[in-house]
Each structure stands twice: as C-alpha cells, then as structure tokens.
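Undergrad: Provide a 3D model corresponding to the input given below.
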Amino acid sequence: MAFATSRPLGFGDCDPAGIAYFPAYMDMLVAVTEEMFADFGAPWPEMVRDRRIGVPTVKLDVDFSTPAFHGDRLDFTVAVAALGRSSADLRHRVVVGDRTVWTARQVLVATSLDTHRAVAWPDDIRAGLAAHLEKQHAPDPAA
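TA: From the prediction side, this is the model:
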C-alpha cells in the first residue's frame, strides 16, 4: 500500500504569480520520502547518525501535468515499484483534488557513509519499504 501524506502549498513555495515554483517541489519530494521512512521506523537522522546509512537519489524523473497554486492542499502518495538488494524504485504522485499535478520516479540507494558504496538494506528497512510495494496484477489466464 502506498504511503500517503499531504501539505499545503505555502507562499514560499510559489513564484510571484502564486504558482508553485518547481524547485520547491523537489524539497517536498525529499521531505515526503523522509517522512515515509520515519513512518515505518527508519528516521533518517538515526540512519545517518547511528547506522551510518545514507539514501542518495541516483535517478529522478519528474513529469509536471498541471500547475498548483498558493493555498492548494497537495496530496502525496509514494509507492515502491521495485526493491533491490540496495535500491528502491519509488513512484510519487501529487494531486490537488482530482487533478494530478506531478508524478516522479525516484531511485534511492542505501549507501555506507563510511565507504560511499552501496550496502544491502537492513532487514527492518527492507520490510518497511516492502510494505509500500505496488501490488502486481496477475496475468489474465484467458488472455
């Protein structure tokens, strides 16, 4: 099941015309991803400080569909499309009401902060990410 959260689009997130400024969206993407990890018991400050694990973004692809405006409530969902030994392929969707505002594909990699090399997800973090795996549809046997 996808992780879901929401937040208002504030004055500081917009250009002078009151339209969302796209770099602010990237700050929100990081904040929502961090919130998802904290929600399943892996807060990033503890991962960094105590476990010496970082989760850099190694791929980010964003599609902007329609503008959002100052005061809009942005509803975020994040699903895990694929989970590798040390990577997680996340799919973000942001809507205002019934309008999709933007979508993104983000690939994170678990990395040792000491060696700067990929490491396997610890079991508890892997379980937290797996809880957000998208359900794959079984092929239709009649097809």
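Undergrad: how about stretch 57-68: buried residues?
TA: For stretch 57-68, the neighbour count (16 or more other Cβ atoms under 10 Å) marks 67-68 as buried. All C-beta spots, glycine's among them, are computed from the backbone N, C-alpha and C.
Undergrad: Repeat that for stretch 70-84.
TA: Buried positions in stretch 70-84, judged by neighbour count with 16+ other Cβ under 10 Å: 70, 72, 74, 76-80, 83.
Undergrad: which sections of the protein are below the confidence cut-off?
TA: Scanning the chain with the threshold set as pLDDT under 70 gives 136-143.
Undergrad: all helices for it, in order.
TA: With helices called from DSSP state H, the chain shows them at 22-39, 44-49, 123-130.
Undergrad: Relative to residue 89, which of these is closest?
TA: Among the helices of the chain, helix 123-130 comes nearest to residue 89, with 10.1 Å by Cβ to Cβ.
Undergrad: Packing partners of the closest one?
TA: strand 73-83 (3 or more Cβ pairs under 8 Å, 6 or more residues apart in numbering; DSSP states H and E).
Undergrad: mind redoing it with 10 Å?
TA: helix 22-39, strand 73-83, strand 87-96 (3 or more Cβ pairs under 10 Å, 6 or more residues apart in numbering; DSSP states H and E).
Undergrad: Which of the residues in it are classified as buried?
TA: 125-126, 128-129.
Undergrad: right, so the helices and strands packed on helix 123-130: which one is the most enclosed?
TA: When neighbours are counted by mean count of other Cβ atoms under 10 Å, the highest per-stretch mean among those falls to strand 87-96, a mean of 20.
Undergrad: Relative to it, what are the paired strands and their orientations?
TA: Strand 87-96 sits in its sheet next to strand 73-83 (antiparallel), strand 99-109 (antiparallel), going by DSSP bridges.
Undergrad: Include distance to residue 60 when you put those strands into TSV, please.
TA: Formatted as TSV, the strands paired with strand 87-96 follow (distance: least, Cβ to Cβ, whole Å):
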stretch	distance to residue 60
strand 73-83	13
strand 99-109	5
